[in-house]
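Novice: task: produce atomic coordinates for the following.
(4 chains)
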Number of protein chains: 2
Amino acid sequence: MICNDKSCFSPETIKRLTVYLQNFKRLKKNNVEIVSSGEISKLLNVSPEQFRKDLSYFGEFGKRGVGYSTTTMVDELEGILGLDKKWTVALVGVGKLGSSLLNYPGFSELNVKFTAAFDSDKKKHGKIINNVEVHDVIHFKKIIKKRKIKICVICIPVENVQEVADMVVDSGIQAILNFAPIVLNVPEKIYVSNMDIYSEIERLIYYLNK
Amino acid sequence: MICNDKSCFSPETIKRLTVYLQNFKRLKKNNVEIVSSGEISKLLNVSPEQFRKDLSYFGEFGKRGVGYSTTTMVDELEGILGLDKKWTVALVGVGKLGSSLLNYPGFSELNVKFTAAFDSDKKKHGKIINNVEVHDVIHFKKIIKKRKIKICVICIPVENVQEVADMVVDSGIQAILNFAPIVLNVPEKIYVSNMDIYSEIERLIYYLNK
DNA sequence: AACTGTGAAGTTTTTCACAGCC
DNA sequence: GGCTGTGAAAAACTTCACAGTT
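Specialist: Predicted coordinates for the structure are as follows:
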């Protein structure tokens, strides 16, 4: 459970808030100005009450009898999530997956940018991918400290990922996005998010198999 | 909530089961033969009761006073998840991310294989990536039907992903793994899993920002 | 003695249902 | 009339606590 000055809410609320934001951005781009919680509900497979309650933990953003302004909601949700400030992200592991992330579109709209990449492979050092230079991983701590980077995406094979995570934590990184299929052993104060394609496919297979 | 012949349990249980399986595989590879729920708990940040209860929905796999055999657990969990059979997967969108997935290691150990890839870009047709041929997307339905493929991974830019999803569903695919930051509109009977790096990074930023 | 399996209790999360406002 | 915001009720999920087994 997470508490702010107003009340307490589920971590699921935060997950959904990121989805709401995506959706309001798209609606705004499509020149939709007002939507009701009922319409949101149909678009996102979330009940209208859930949507309204999720927002209620942070304020009153809708107009009774009317709905929610997409422009207002984009601003408010960005504020709630902290996306109105700029964030820089480091990448460790410039393999196929890692470099595809460096080339991912849309981060700039998000106020989020990869500003440094690292690999242990000498052949990659000095390469520039989508304006991001690949450094030797031995310089990780120095560069992270200097640029005050707080978030690191790790795209390392599972065999080596724990030692990289140790280094990353030692360098002062506070949040990690891990693509390897393993639960990283890091101090509690570090926020870790796992993106594990194996686990997701296994889960789909379970449902198919029933 | 999900029910089997024994009882009912949370969808979270299935997510955790995939993590348990990963972990038991690794322990087995490292020649660990027996582990207790307490040890699992420390490795995976799951309470020992949670672990035991998750398993209890499917049977009794441990030995009282002893613990769980890694070999037994790998077999049992694979059985529960349906991973003891072979599964074939299609990929739509052979861009940077898509081709990095085709090259992902470890799928063979999983009884899961990409057997067909599709793209609309003519330059990619006929290419072979890690033994998988890239076809013209216009042949999607024909090939999916013929090979009886049930799972599709979609790596398409967000602007086009809904129309691709429509085609995928029309072709008889039953489960979709979607990498685009959008909630796909598909019939209820289709299982969809989203892997959204933007959403994950936004979530991390929320926690950092507090 | 050590560890599992599980009803019962406790906590968290979602849904209901309705008052309040446009 | 239509839609939001929210306490109260319901449902879902986790933890407790202990009986049962090796």
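
Novice: secondary structure class of the residue in chain A that DNA strand C sits nearest to, three-state.
Specialist: Proximity of chain A to DNA strand C (CB to the nearest atom of the strand) peaks at A:Gly65, 2.7 Å away. (Each C-beta comes from the backbone N, C-alpha and C, glycine too.) Three-state assignment for A:Gly65 (DSSP: H, G, I helix; E, B strand; the rest coil): coil.

Novice: list phi and psi for it.
Specialist: In terms of degrees, to the nearest 10, the main-chain angles of A:Gly65 are phi 80, psi -10.

Novice: neighbours of it, just the number please.
Specialist: Per other CB atoms under 10 Å in any protein chain shown, the neighbour tally for A:Gly65 reads 6.

Novice: any idea of the pLDDT on it?
Specialist: Per-residue pLDDT puts A:Gly65 at 97.

Novice: what about it, distance to chain B?
Specialist: Distance of A:Gly65 to chain B, given as CB to the nearest CB, to the nearest Å: 26 Å.

Novice: what does A:Tyr207 give?
Specialist: A:Tyr207 is 5 Å from chain B, by CB to the nearest CB.

Novice: and A:Ser100, by the same measure?
Specialist: Distance from A:Ser100 to chain B, by CB to the nearest CB: 4 Å.

Novice: cool, and A:Lys53?
Specialist: Taking CB to the nearest CB, one finds A:Lys53 at 18 Å from chain B.

Novice: what's the burial count for that residue?
Specialist: A:Lys53 is flanked by 14 other residues according to other CB under 10 Å.

Novice: how about it, what does it touch?
Specialist: When contacts are counted by CB atoms under 8 Å, 6 or more residues apart in numbering or on different chains, A:Lys53 touches no other residue.

Novice: per-residue pLDDT of it, please?
Specialist: 98.

Novice: assign it to helix, strand or coil.
Specialist: Three-state assignment for A:Lys53 (three-state DSSP): helix.

Novice: gap between A:Leu44 and B:Leu91?
Specialist: 26 Å (CB to CB, to the nearest Å).

Novice: the two: who's more crowded?
Specialist: Neighbour comparison, A:Leu44 and B:Leu91: the larger count goes to B:Leu91, with 24 against 18 (by other CB under 10 Å).

Novice: and the more buried one, which of the three is it?
Specialist: Three-state call for B:Leu91 (three-state DSSP): strand.

Novice: excluding chain neighbours, give the residue nearest to it in space.
Specialist: Excluding the flanking residues, the one nearest B:Leu91 by CB to CB, 6 or more residues apart in numbering or on different chains is B:Ala117, at 4.4 Å.

Novice: same check, this time on A:Glu200
Specialist: Nearest non-adjacent residue to A:Glu200, counting by CB to CB, 6+ apart: B:Ser193, 4.7 Å away.

Novice: wait, is that neighbour part of a strand?
Specialist: Yes - counting by three-state DSSP, B:Ser193 is part of a strand.

Novice: that one contacts B:Asn178, correct?
Specialist: Yes - counting by CB atoms under 8 Å, B:Ser193 sits close enough to B:Asn178 to count as a contact (7.2 Å).

Novice: out of these two, which sits in the busier spot?
Specialist: When B:Ser193 and B:Asn178 are compared for neighbours, B:Asn178 comes out ahead with 25 against 16, by other CB under 10 Å.

Novice: contacts only, for the more buried one.
Specialist: B:Ile154, B:Val161, B:Ala165, B:Leu184, B:Val192, B:Ser193, B:Asn194, B:Met195.
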